[in-house]
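A.B. asks: here's a sequence, model it:
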Amino acid sequence: ESEDYSHPFFKLLLSLWPGDWRAQLAKMNAAIEHDNFGLQGNRHTKACTEDEWWKWVGILVFAAKADKGGISKLYDKKEQILEELPKIDLSKVMPKYRADQLMKYFPSAFHGENGSDPWNPVRALIDGFNNNRAKKVAASFRTVLDETMSSWSPTTTKFGGLPFLSFILRKPTPLGTEFKTKAC
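C.D. replies: Numbers count the residues shown, from 1 in each chain. The predicted model follows:
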């Protein structure tokens, strides 16, 4: 890596990020601070720094590619994560205890403000994505309507507590969230 490397992929990620990542980081840190209130001694969770935020996002992206069934499994030093890569020690990027802490608080970064909205847990993510896309993607006057299915495998309850979970038999993975999409 040379000193003049301009990090083009990170600039692209920043440009396409769904919403204001600094505001999302602040919401996550507010949730951490809320949980820390009244705790004694060393039981406090440290606020997330900007550097940790992006390392965490990198770990999430890597976890999606690795498809091993969760962040914790990425820290198993005995298992090769991807064929293309030798064994990886993610603890050099972020200790597992810290990854577990951030996993707990990361969703709070994307909560909306309307508790009665069934999409509230991801409202800021959706609105940020839609607003960013409206600003940065030049759409053609010709569009095609379609639908997209995002599969979902609940781990704690039968439906994962999601009001927008659908079962659509004609889909390759029938359980998930269906999105109406417009392509240009």
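
A.B. asks: any regions of the chain where pLDDT drops low?
C.D. replies: 1-7, 41, 68-70, 77-87, 152-164 (pLDDT under 70).

A.B. asks: that one: strands as residue ranges?
C.D. replies: For the chain, applying DSSP state E gives strands covering 144-151, 166-167, 175-183.

A.B. asks: pairing partners for the second one, with directions?
C.D. replies: Based on DSSP bridges, the strands next to strand 166-167 in the sheet, each with its direction, are strand 175-183 (antiparallel).

A.B. asks: pull the partner strand out as PDB, backbone CA atoms only.
C.D. replies: Below are the C-alpha coordinates for strand 175-183, written out as PDB (Å, rounded to 0.1, in the frame of the first residue of the first chain):
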ATOM      1  CA  LEU A 175     -39.700 -17.000   3.800                       C
ATOM      2  CA  GLY A 176     -38.500 -13.400   4.000                       C
ATOM      3  CA  THR A 177     -39.300  -9.800   3.200                       C
ATOM      4  CA  GLU A 178     -40.700  -8.900  -0.200                       C
ATOM      5  CA  PHE A 179     -39.700  -5.500  -1.600                       C
ATOM      6  CA  LYS A 180     -41.300  -3.800  -4.600                       C
ATOM      7  CA  THR A 181     -38.600  -2.500  -6.800                       C
ATOM      8  CA  LYS A 182     -38.300  -0.200  -9.800                       C
ATOM      9  CA  ALA A 183     -35.400  -0.700 -12.100                       C
END
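
A.B. asks: understood, closing this out.
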